[in-house]
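Chemist: next input, structure requested:
(2 chains)
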Amino acid sequence: MPIVNEGLEREFEWVTRPGEQKHISEALDLADEMMQEIAYQLIIGKNLEVDRLTKECLDKGYTANHILDNGLLNGMAIVGVKFRDNVIFVPEVLVAARAMKAGMAHLEPILSASGIEPIGTVIMGTVKGDLHDIGKNLCIMMLRGAGWVVHDLGVDTAPEEFADAVMEFEAQVVGMSALLTTTMPNMGRTISYFEDIGLRDEVRIMVGGAPVTREFADEMGADGYGENAVDCVETAVSLLALQKELA
Amino acid sequence: MPSTKFAGTLTARERTLRALRGEAVDRPPVTNPTNVATVELMDLVEAPFPDANRDPEMNARLAATGYTQLGFDAIAPYFSIIQESSALGCEMQWEGKDNWPTVRMSYPIWKTVDDIKMPSDFLEHPDNRTIIESIRLLKQEFGDEVAIVGKTMGPWTLAYHVFGVEPFLLATVDDPPMVMDMLHRLKQFTIEFGLAQIEAGADVLTLPDHATGDLVSGEYYRRFLMDLHHEFVEDLPVPIMLHICGSTTDRMPYIATTGMAAFHFDSKNDPQEAMDAVDGGINLVGNLNNPVTLYSKGPEEVRAEVFKCLDAGVQLIAPECAIPLKTKLENLLEIPRAVEDWAAEHWDYSEN
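Modeler: Okay, the predicted model is just below:
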């Protein structure tokens, strides 16, 4: 159905790239008034409203999958676009993420029990010696919102910890973050460690963080680079496809 | 507009202070609002991390190399952003020789505005004491020869450290008046530590306050910080260099109204666009790229970047932020050399 929620209609105006307009518009076609309201309340960061609406929808018989796809994820798609285009910044993304979490608290147990296959599994961590995690956390939020299973290793992550997690969770993708110029080289050291133990071909590696550039990522031998959290999801998707192709 | 010419020869200190006051200089100064310590310099003067962060004599010895070895016009005796937060009780990760100490922000020490209290031993805490004593030692050794730059963290950065980045940023949406209250109360630490450094001999203060475009909007800067930063100009009676990493061009017009002496800007901002954004309202310091140019490239690329800043009219030349600890000395030595060559070529001293 067309967008009937006035707030959501205004938010949709921030989506200006034709491809994205088409994609989000098609997704919103499947969203009725309730789903549109959930999407809108998520975008403006109203976690209590999203909590209430999600419960209400489940009570009315909507499936968890339907609420996730047509309510929460439609909202997150617009949040991602606004963040990438500097319409909103981290605080606004954080409140949207909190709202997403409020909805997911009701949906996750149902989705887990139903055994739906995730898109893929990714290991995320800030590299050794670096305690900054906000960029990584935003990436994790976007990845989870896009249907990935994410194992967050936190900050100050040693190469061995990345490798152990890849083996334990059979992940296809690893994401490393760094904020400091002193710790950026630890991305390269982690990649070397993967080579040394014969794990490099089993997984695709993406990197990001404020001082990290595509040039630096290439020099270190990373498979992908993301400039921001939206990029991170796109990079993970393309790396997963590459990994499947190579397997 | 570019700095104006001074006919005689100035000391490094005079050059720095005059440029910060917007007065004529013999050449644009090379400065270091954030630190220029490297592993090579640590080895040279036997002052390695983490000890050089905690021992006043080692700290002063390493800091002095910015002037004695690199030829910069200032000495900045601090190598991290942790002192005040450590004194307030935050957990530290001291790291080793090849990394900066960091505050463990995942373990915030405070939750509410009422938790903000001045510890009775704030200035006596070893990490604050190190900087204050180091400034005293440097002033004794160098007198009026070179500018001594102190550093006192702004309330926004302190809030990240004591409340945690995510909880604090969420609070800016949930309860803006409370956040304003937090920032006003945190200001006392900035002032107290800054005044102690001035009393010890600091000629200039760097005031880092990371309201960066990578995290928050320019509008946030205007709403939460612009007036507070203006107040620091009256509270701290030396020239202040505000430092904010990341993309900041959108907030530079606001920063230009604070009355601070200079804004230290990141290489994510084009020098010419930055000059246009501040429109003569504040001096700019910067903005040589760290990870690519200073760390990975050679003197030729460093020189080109120095020239780009000077051509745009940037008044004080400096790396954009604390340099990578394994930066090659030849790249750092090239900075003052390039500035001198640029000035010799572009400034006609016979006009004076």
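Chemist: give me the neighbour count for residue 36.
Modeler: No chain in the question, so chain A it is. Using other Cβ atoms under 10 Å in any protein chain shown, A:Gln36 has 25 other residues around it. Every C-beta, even on glycine, is put in place using the N, C-alpha and C of the backbone.
Chemist: wrong chain, I was asking about chain B
Modeler: Close neighbours of B:Val36, defined as other Cβ under 10 Å, add up to 28.
Chemist: could you pull up the residues touching it?
Modeler: Contacts for B:Val36 were tallied using Cβ atoms under 8 Å, 6 or more residues apart in numbering or on different chains; they are B:66, B:70, B:72, B:76, B:319, B:322-323, B:332.
Chemist: wait, A:Lys55 sits on A:His106?
Modeler: Yes: counting by Cβ atoms under 8 Å, A:Lys55 sits close enough to A:His106 to count as a contact (5.9 Å).
Chemist: these two: who's more crowded?
Modeler: Ranked by neighbour count (other Cβ under 10 Å), A:Lys55 and A:His106 place A:His106 first, with 17 against 14.
Chemist: tally of neighbours for the nearest residue to that one once chain neighbours are set aside?
Modeler: Nearest residue to A:His106, sequence neighbours excluded (Cβ to Cβ, 6 or more residues apart in numbering or on different chains): A:Thr54, at 4.8 Å. The local packing of A:Thr54 (other Cβ under 10 Å) involves 27 other residues.
Chemist: pLDDT at B:Thr4, what is it?
Modeler: Model confidence at B:Thr4, given as pLDDT, is 66.
Chemist: can you tell me the residue of chain A closest to chain B?
Modeler: Using Cβ to the nearest Cβ, the closest approach of chain A to chain B is made by A:Thr181 at 3.9 Å.
Chemist: how close does that residue get to A:Glu117?
Modeler: Distance check for A:Thr181 against A:Glu117: by Cβ to Cβ, to the nearest Å, it reads 40 Å.
Chemist: these two: which has the busier surroundings?
Modeler: The neighbour count for A:Thr181 versus A:Glu117, taken as other Cβ under 10 Å, is higher for A:Thr181 (25 against 7).
Chemist: how about the more buried one: what's its closest non-neighbour residue?
Modeler: Distance criterion Cβ to Cβ, 6+ apart; nearest residue to A:Thr181, sequence neighbours excluded, is B:Pro324 at 3.9 Å.
Chemist: that neighbour against B:Ser296, yeah?
Modeler: No: between B:Pro324 and B:Ser296 there is no contact under Cβ under 8 Å: 9.0 Å.
Chemist: between the two, which one's more packed in?
Modeler: The residue with more neighbours, out of B:Pro324 and B:Ser296, is B:Pro324; 23 against 18, by other Cβ under 10 Å.
Chemist: pull the contacting residues for the more buried one.
Modeler: A:181-182, A:184, B:38, B:290-291, B:294-295.
Chemist: could you do A:Arg204 as well?
Modeler: Residues in contact with A:Arg204, defined by Cβ under 8 Å, 6+ apart, are A:172-174, A:223-224, A:239-240, A:242-243.
Chemist: buried ones from those residues, can you make that a PyMOL selection?
Modeler: Selecting only the buried members of the contacts of A:Arg204 in PyMOL, with burial defined as 16 or more other Cβ atoms under 10 Å in any protein chain shown, works like this:
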select buried, chain A and resi 172+173+174+223+224+239+240+243
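Chemist: which two in the contacts of A:Arg204 are spaced the farthest apart?
Modeler: A:Val174 and A:Leu242 (13.4 Å; Cβ to Cβ).
Chemist: and after the longest helix anywhere in chain B, which helix or strand comes next?
Modeler: Ordering each helix of chain B by length in residues (DSSP state H) puts helix B:176-200 first. Past helix B:176-200, further along toward the C-terminus, the next helix or strand under DSSP states H and E is strand B:204-208.
Chemist: let me know how buried A:Asn137 is, in neighbour terms.
Modeler: Counted with other Cβ under 10 Å, residues neighbouring A:Asn137 total 22.
Chemist: can you name the residues that contact it?
Modeler: The neighbourhood of A:Asn137, defined by Cβ under 8 Å, 6+ apart, consists of A:152, B:166.
Chemist: one more time with 6 Å
Modeler: The neighbours of A:Asn137, taking Cβ atoms under 6 Å, 6 or more residues apart in numbering or on different chains as the test, come to nothing; the list is empty.
Chemist: give me the pLDDT for it.
Modeler: Confidence per residue is given as pLDDT, and for A:Asn137 that number is 89.
Chemist: the nearest residue to A:Val127 once chain neighbours are set aside: neighbour count?
Modeler: Spatial nearest neighbour of A:Val127, excluding adjacent residues (Cβ to Cβ, 6+ apart): A:Asn186 at 4.0 Å. For A:Asn186, the tally of surrounding residues (other Cβ under 10 Å) stands at 24.
Chemist: quick one: A:Asn186 is in a strand?
Modeler: No: the secondary structure assignment for A:Asn186 gives helix rather than a strand, going by DSSP: H, G, I helix; E, B strand; the rest coil.
Chemist: so what's A:Gln172 up against?
Modeler: Counted by Cβ under 6 Å, 6+ apart, A:Gln172 has contacts A:120, A:240, A:243.
Chemist: what distance do you get for it to B:Lys268?
Modeler: Computed with Cβ to Cβ, the distance linking A:Gln172 and B:Lys268 is 32 Å.
Chemist: keeping just the C-alphas, turn stretch B:319-334 into CSV.
Modeler: The C-alpha coordinates for stretch B:319-334 follow below in CSV (Å, rounded to 0.1, in the frame of the first residue of the first chain):
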residue,chain,number,x,y,z
PRO,B,319,50.1,17.5,12.1
GLU,B,320,46.3,17.1,12.3
CYS,B,321,46.4,15.2,15.6
ALA,B,322,48.8,13.1,17.7
ILE,B,323,51.1,11.5,15.2
PRO,B,324,51.5,7.8,14.7
LEU,B,325,54.2,6.7,17.1
LYS,B,326,56.2,5.1,14.3
THR,B,327,56.2,8.2,12.1
LYS,B,328,59.6,8.6,10.3
LEU,B,329,61.6,11.5,11.7
GLU,B,330,62.5,12.6,8.1
ASN,B,331,58.9,13.4,7.5
LEU,B,332,58.6,15.4,10.7
LEU,B,333,61.8,17.3,10.0
GLU,B,334,60.5,18.2,6.6
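Chemist: sec struct for the residue in chain B that chain A sits nearest to, please.
Modeler: Using Cβ to the nearest Cβ, B:Pro324 is the residue of chain B that sits closest to chain A, at 3.9 Å. Counting by three-state DSSP, the backbone at B:Pro324 sits in coil.
Chemist: and it, backbone torsions?
Modeler: Backbone torsions of B:Pro324, given as degrees, to the nearest 10, read phi -60, psi 140.
Chemist: quick check: residues of chain A near chain B?
Modeler: When proximity is defined by Cβ under 6 Å from any Cβ of the partner chain, chain A lies next to chain B at A:89-91, A:94-95, A:129, A:131, A:134, A:181-182, A:210-211.
Chemist: for the chain, just list every one of the strands.
Modeler: By default, I'm working from chain A. In order along the chain, chain A carries the following strands (DSSP state E): A:121-126, A:149-152, A:173-177, A:204-208, A:224-225.
Chemist: nope, chain B please
Modeler: When assigned using DSSP E, the strands of chain B occupy the ranges B:74-75, B:92-93, B:102-103, B:147-151, B:204-208, B:240-243, B:262-265, B:283-288, B:316-319.
Chemist: paired strands for the fourth one, with orientation please.
Modeler: Right, the one you point to is strand B:147-151. strand B:74-75 (parallel), strand B:204-208 (parallel) (DSSP bridges).
Chemist: list the contacts for B:Ser217?
Modeler: A:Phe89.
Chemist: and the pLDDT at it?
Modeler: According to the per-residue confidence, B:Ser217 scores 95 in pLDDT.
Chemist: and if you look at the one 10 residues further on?
Modeler: Confidence at B:Asp227, expressed as pLDDT, is 97.
Chemist: burial of it, as a residue count?
Modeler: 15.
Chemist: mind listing the helices for the stretch 201-350 of chain B?
Modeler: Using DSSP state H, counting those that start in this stretch, the helices found in the stretch 201-350 of chain B span residues B:218-220, B:226-235, B:252-255, B:271-278, B:295-296, B:299-312, B:329-346.
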